[in-house]
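Participant: predicted model, plus sequence, below.
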Amino acid sequence: MPMAEKFDSMFYSIDIGSVHILAMNTETVIDKAGMSKEQVAWIRLNLATARASPRTRFKVAFGHRPLYTSAHGGNDVPAGNAVLQGLVEDIL
């Protein structure tokens, strides 16, 4: 991953033309939804920088675990969704 040497994790961003793509690591090492404090701070700064740039008109953020889902049950649903919402919903 592009940011692995700095954060030792699996989140990064890349600009492709006018699109800013932000990949979030929404997994923990124990297979639950979550994000480190470092990642949340990085997301905040990363998106603030992208918003200020006239080059990036569109922003796309994604992670393996969704913030919202219509699924009922399964591993870490809906508790995991609420965890992720609490961490980054206001930033996004």
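Facilitator: That came through, no problem. Residues are numbered from 1 along each chain as shown.
Participant: the residue positioned nearest the centre of the chain and residue 72, how far apart?
Facilitator: For the chain, the residue sitting closest to the mean C-alpha position, by Cα atoms, centre = their mean, is residue 24 at 2.8 Å. The gap separating residue 24 from residue 72 is 23 Å, by Cβ to Cβ, to the nearest Å. In short, each C-beta sits where N, CA and C put it, glycine included.
Participant: for the longest helix anywhere in the chain, packing partners?
Facilitator: Within the chain, and with DSSP state H defining each element, the longest helix by residue count is helix 37-52. On a contact count with 3 or more Cβ pairs under 8 Å, 6 or more residues apart in numbering; DSSP states H and E, helix 37-52 meets helix 4-7, strand 12-16, strand 19-24, strand 58-63, helix 79-88.
Participant: give me the pLDDT value at residue 28.
Facilitator: Looking at residue 28, its pLDDT stands at 87.
Participant: same thing with residue 74?
Facilitator: On the pLDDT scale, residue 74 gets 73.
Participant: how about the contacts made by residue 72?
Facilitator: residue 78 (Cβ atoms under 8 Å, 6 or more residues apart in numbering).
Participant: ok, the one 5 residues further on next?
Facilitator: By Cβ under 8 Å, 6+ apart, the contact set of residue 77 is 69, 71.
Participant: can I assume it sits in a helix?
Facilitator: No: remark: residue 77 does not belong to a helix; assigned using DSSP: H, G, I helix; E, B strand; the rest coil, it is coil.
Participant: tell me the spacing between residue 70 and residue 37.
Facilitator: 30 Å.
Participant: that older thread, buried stuff in the longest helix of the chain?
Facilitator: With burial defined by 16 or more other Cβ atoms under 10 Å, the residues of helix 37-52 counted as buried are 39, 42-43, 46-47, 50.
Participant: and the angle for that helix with strand 58-63?
Facilitator: Angle, helix 37-52 to strand 58-63, by axes from the mean of the first three to the mean of the last three Cα atoms, to 10 degrees: 160 degrees.
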